[in-house]
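In: need a structure here:
(chains A and B)
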Amino acid sequence: MGKDNTADSTSLLSKNVKIDGEVQGPENLHIEGSVKGSIKLSGDIFVGNTGIVEADLEAKNIVIQGKVAGNVMAHKQLEIHPSGKLIGDCTSASIDIKEGAIFEGRSKMIKSAGLSAGSSAATKVSAPQSSKQHQS
Amino acid sequence: MPLFGKKKKENKSPRPQAALSQKKITPQKETTSQKETTYFGKNLKIKGRVSGNGNVIILGALDGEFNLKGRVKIAQPAKIKGEVKADVISVNGNVRGSLVARERVHLDQTARIEGQINTPNLSITEGASFDGEITMSGRSPQASKPADANAAPAFQNTAKSTPK
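Out: A predicted model of the protein is given here:
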């Protein structure tokens, strides 16, 4: 994670470890293992390549490089990288989906003060022409 | 002073004592090696079950169960409520519940345990506090030196042969 993280420190859940339950706190979390339940952090969440998340996520910035099945709320930005897969709804102020990513669900933008954009848009976005390469 | 300066240079986050930097990795790294240590920072609150293979260092709060094939290091200011099951458990924080180790348990100076410990091997550093029951139904009699110096009287509860 080269960018600046929101919270002071980052926790790491490594590949073979699994959390089944709720996680919360003012921390960043880097997930390489699997999580089932819910994660609500006031920091960032980074789901790595081997991360498998079956949970609702809520954080400032969320970056998905692995698999997420659940609803996602990013108060600032949601990024889905080419190897990432999100099945679920997302709500964020800014969204960045790289080519090759898989996203199936609804997307809702958090309106910032100045925007007069319309109401929630239900878009179904799946991977473009590079077809659904199942990045497993 | 120089230690402080060194800490500052390493990373901006307030790190716990250098005592546990043994296994510590800078969590900012992205190297996905097989046996990387899971690190739960001091602000992280987990409610539920943590299981898997590998080593874990926990500084935050856990309310639930821990079932790990590997080493667990519970460092200050961790507060664990529930059961911790692992191969090696090293405690330097608060635990209310039970510690079940397959190999050994080590209580450090600032460890505060309320509950049960079940382990074939035990070591307690002076200063630790342990209120509870200990059983040492070890796997084999020659499994290294049986540490008989327990804080609480050892009730040989043979009905509880746990070694997994």
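
In: top strand in chain A by residue count?
Out: When chain A is parsed with DSSP state E, its longest strand is strand A:52-64.

In: How far off centre is it?
Out: Offset of strand A:52-64 from its chain centre (C-alpha atoms, centre = their mean, to the nearest Å): 4 Å.

In: Check stretch A:25-37 too.
Out: 11 Å.

In: Now for the residue in chain B positioned nearest to chain A: which residues touch it?
Out: Among the residues of chain B, B:G48 lies nearest to chain A; the distance is 1.3 Å by C-beta to the nearest C-beta. Quick note: C-beta positions are derived from backbone N, CA and C, even for glycine. Residues near B:G48 by C-beta atoms under 8 Å, 6 or more residues apart in numbering or on different chains: A:19-23, A:37, B:63-65.

In: how much space between it and B:N67?
Out: B:G48 sits 12 Å away from B:N67 when distances are taken as C-beta to C-beta, to the nearest Å.

In: Which strand or helix spans the residue nearest to the residue of chain B closest to chain A when sequence neighbours are not counted?
Out: Closest residue to B:G48 apart from its sequence neighbours, by C-beta to C-beta, 6 or more residues apart in numbering or on different chains: A:G21 at 1.3 Å. A:G21 belongs to strand A:17-25 when elements are defined using DSSP states H and E.

In: So which elements touch that strand?
Out: For strand A:17-25, the elements it packs on are strand A:34-41, strand B:45-53, judged by 3 or more C-beta pairs under 8 Å, 6 or more residues apart in numbering or on different chains; DSSP states H and E.

In: any weak-confidence spans in the chain?
Out: You didn't pick a chain, so chain A it is. Of all residues in chain A, those with pLDDT under 70 make up the ranges A:1-4, A:112-136.

In: Oops, wrong one, chain B.
Out: Per-residue confidence of chain B (counting by pLDDT under 70) places the weak regions at B:1-35, B:138-164.

In: All the helices of it, residue numbers only.
Out: When assigned using DSSP state H, the helices of chain B occupy the ranges B:2-10.

In: I figured B:H106 hits B:S90, correct?
Out: Yes - applying C-beta atoms under 8 Å as the test, B:H106 and B:S90 come out as touching, 4.5 Å apart.

In: Run through the bridge partners of B:G132.
Out: Counting by DSSP bridges, B:G132 is bridged to B:G115.

In: again, but for B:R49
Out: Under DSSP bridges, the beta-bridge partners of B:R49 are A:D20, B:E65.

In: doesn't A:D20 make contact with it?
Out: Yes - between B:R49 and A:D20 there is a contact at 4.3 Å, judged by C-beta under 8 Å.

In: Strands of chain B, start to end?
Out: Using DSSP E, the strands of chain B run over B:38-40, B:45-53, B:56-58, B:61-69, B:71-74, B:79-91, B:94-107, B:112-118, B:122-124, B:129-135.

In: Which of these sits closest to A:G88?
Out: Of all those, it is strand B:45-53 that lies closest to A:G88, at 19.8 Å by C-beta to C-beta.

In: In chain A, which residue sits nearest chain B?
Out: Nearest to chain B, among the residues of chain A, is A:G21, at 1.3 Å (C-beta to the nearest C-beta).

In: Now do the same contact list for that residue.
Out: The neighbourhood of A:G21, defined by C-beta under 8 Å, 6+ apart, consists of A:36-37, B:46-50, B:64.
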